[in-house]
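*Asks:* Just the structure for this:
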Amino acid sequence: VLMVIGLMPVVAADNVTPPTDVQQGKVTFTKDLSRDDSGQPIVDEEGYYTVNISVSGVPYTNIEKTSADVVLVVDNSGSMASKVGTPCNGTSFTQETDWWWGDYYVCDKCGDAYWEKPDKCTGEVGKGESRIKISKDVSKGFVDELLANKKNNVAVVGFAHAQKNQSAIRVSTKLTGDSTTLYDAIDKMRAVGGTDYTSALQKAADILKDSKNKNKYVILVSDGAPGEYGTAEEAKDPKWNGENEIAAFKKNGVNFYAIGIRLNDTASAYLQKAAGDNYINVNSTGDTFKADMEEIFKALADTIKSINAGKDAVVVDEVNTNDFDIDMSTLVGATYNPDTKTITWNVGDITEENKTISFKVKPKDGLATGEYNTNGKCSLTYVDGSTDKQIDPEMTADSPIIAVISESEPEMPEPPQWLGMVTV
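*Replies:* Numbers count the residues shown, from 1 in each chain. Predicted structure coming up:
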């Protein structure tokens, strides 16, 4: 018979250099067993318990210590001319001519714009301003937020797809700290055409090519699936979907974010896969769309302006193999040395998002009744994100305890029937 006592994990933050704000820079370092909703440890069919080691930290938000190069890539396709609301399905279109863009067709019902006259409009009708107008407005606010720190630089790219004599890149700037240059480019954005992610992200990569800043960001804003017409086939085509460019961003340490505005399931699933946790799905109504976009861009600016609580973090954990059988098949992102019985986890940056590794233990057969630590010493060392100094002393996390009641222990005899029941 096995009984598990899970000690509450220890959060040792006293040995971290105290930040100005008590929350900024606070590191949380825990070790515990996986538990169910009632707080009881979970044991699998083979008798193994899962041990989790986790690290996270509250970022510093002192913008004077940060710098970043950011490229904001905004969809200028025709669907961005419509509002957020319900499907338009309009069938009446007016041909218009622009001295720069040439001839195109505008839906009389919602304002969605097309190079070629469609049978039915795929835009939306709703309240408030158009998607492109709101995207331009929040882009300017985003620029202001970032350029409040003179160390930051921003570039903007507006894109649709190549048509007639027009490049897919409709507007673009170099990295700059001049808000007037960025405002002028944003003001020139017009919504007409298809959605060429590849050309847009290639342009973003070209802009960042000579950047020496270690903090680089590309932020894509789009309301449509990649392609001239947004078909499923075009969405799978690297000539349209930018998959190679996104892979290169990740390989080269560029932080890629994607903001999808009321995308269909196919496009949303693609961007979510491409950007991972950095994908933001905006499925707003017309009443809340602008406020939601402002909130999203404010949060992104705060992320870019922040510093991780720590860096160069390393966890070393001593595993108790004397009393436990171990299963390291679930250990991902760390290494186990069977000679020293230790796990080494190169955590790297201590981010606000929790980072976790896991492995399994099972009490060995024949253990005597008693309490057993699943691990020995578990330590965390890192460089503080604000001071750039190694923390001293190291942080430690207590081990969960498994209390074993041996099956070989003699059972208490049944009391004689004549004793009956006594209530005290």
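*Asks:* Could you double-check that Phe324 lies in contact with Lys360?
*Replies:* No. Counting by Cβ atoms under 8 Å, Lys360 is not a contact partner of Phe324; they are 9.3 Å apart. For glycine as for every other residue, the C-beta is placed from the backbone atoms N, C-alpha and C.
*Asks:* residues in contact with the nearest residue to Thr285 once chain neighbours are set aside?
*Replies:* Distances taken as Cβ to Cβ, 6 or more residues apart in numbering place Val84 nearest to Thr285, at 6.7 Å, with adjacent residues excluded. Shown in contact with Val84 (Cβ atoms under 8 Å, 6 or more residues apart in numbering): 124, 126, 128, 131, 261-262, 284-286, 289.
*Asks:* Kindly recompute the last result at 6 Å.
*Replies:* 126, 284, 286, 289 (Cβ atoms under 6 Å, 6 or more residues apart in numbering).
*Asks:* Kindly report the same for Leu72.
*Replies:* 139, 156, 219.
*Asks:* at 7 Å what do you get?
*Replies:* 139, 142, 154, 156, 219 (Cβ atoms under 7 Å, 6 or more residues apart in numbering).
*Asks:* ok, now Ile296?
*Replies:* Counted by Cβ under 7 Å, 6+ apart, Ile296 has contacts 259, 280, 282.
*Asks:* Rounded mean pLDDT for the helix or strand it falls within, please.
*Replies:* Assigned by DSSP states H and E, Ile296 belongs to helix 289-305. What helix 289-305 shows for mean pLDDT is 93.
*Asks:* buried stuff in it?
*Replies:* 289-290, 292-293, 296-297, 300-301, 303-305 (16 or more other Cβ atoms under 10 Å).
*Asks:* same question, stretch 221-232
*Replies:* 221-228, 230.
*Asks:* Which secondary structure state does the residue nearest to Thr285 sit in?
*Replies:* The local conformation at Val84, judged by DSSP: H, G, I helix; E, B strand; the rest coil, is coil.
*Asks:* Backbone dihedrals for it, please?
*Replies:* phi -90, psi 120 (degrees, to the nearest 10).
*Asks:* Against Glu124, how distant is it?
*Replies:* 6 Å (Cβ to Cβ, to the nearest Å).
*Asks:* can you list contacts of stretch 302-315?
*Replies:* Contacts of stretch 302-315 (Cβ under 7 Å, 6+ apart): 25-27, 53, 55, 57-61, 63, 65-66, 68, 70, 146, 149, 217, 344-351, 378, 380-386.
*Asks:* Please convert the buried members of the residues you listed into PyMOL selection syntax.
*Replies:* In PyMOL, a selection of the buried entries from those looks like this (16+ other Cβ under 10 Å):
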select buried, resi 25+26+27+53+55+57+58+59+60+61+63+66+68+70+146+149+217+345+347+348+349+350+351+378+380+381+382+384+385+386
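*Asks:* And the strands in the stretch 201-350 of the chain?
*Replies:* 216-222, 254-261, 279-282, 310-319, 324-327, 335-337, 342-350 (DSSP state E, counting those that start in this stretch).
*Asks:* okay, these, which one's buried deepest?
*Replies:* strand 216-222 (a mean of 25; mean count of other Cβ atoms under 10 Å).
*Asks:* and it with helix 289-305, angle?
*Replies:* 170 degrees (axes from the mean of the first three to the mean of the last three Cα atoms, to 10 degrees).
*Asks:* Select the helix or strand of the protein having the lowest average pLDDT value.
*Replies:* strand 2-5 (a mean of 48; mean pLDDT, DSSP states H and E).
*Asks:* per-residue confidence averaged over the next helix or strand after that strand?
*Replies:* Where DSSP H and E defines the elements, the next helix or strand beyond strand 2-5 is strand 27-33. Across strand 27-33, pLDDT averages out at 96.
*Asks:* got it, and stretch 263-282?
*Replies:* The model assigns stretch 263-282 a mean pLDDT of 88.
*Asks:* Any chance you could list what contacts that stretch?
*Replies:* Under the criterion Cβ under 7 Å, 6+ apart, residues 223-225, 232, 235, 241, 243, 246, 256-262, 292-293, 296, 353 lie in contact with stretch 263-282.
*Asks:* give me that answer again for 6 Å
*Replies:* Contacts of stretch 263-282 (Cβ under 6 Å, 6+ apart): 225, 232, 235, 246, 256-261, 292, 296.
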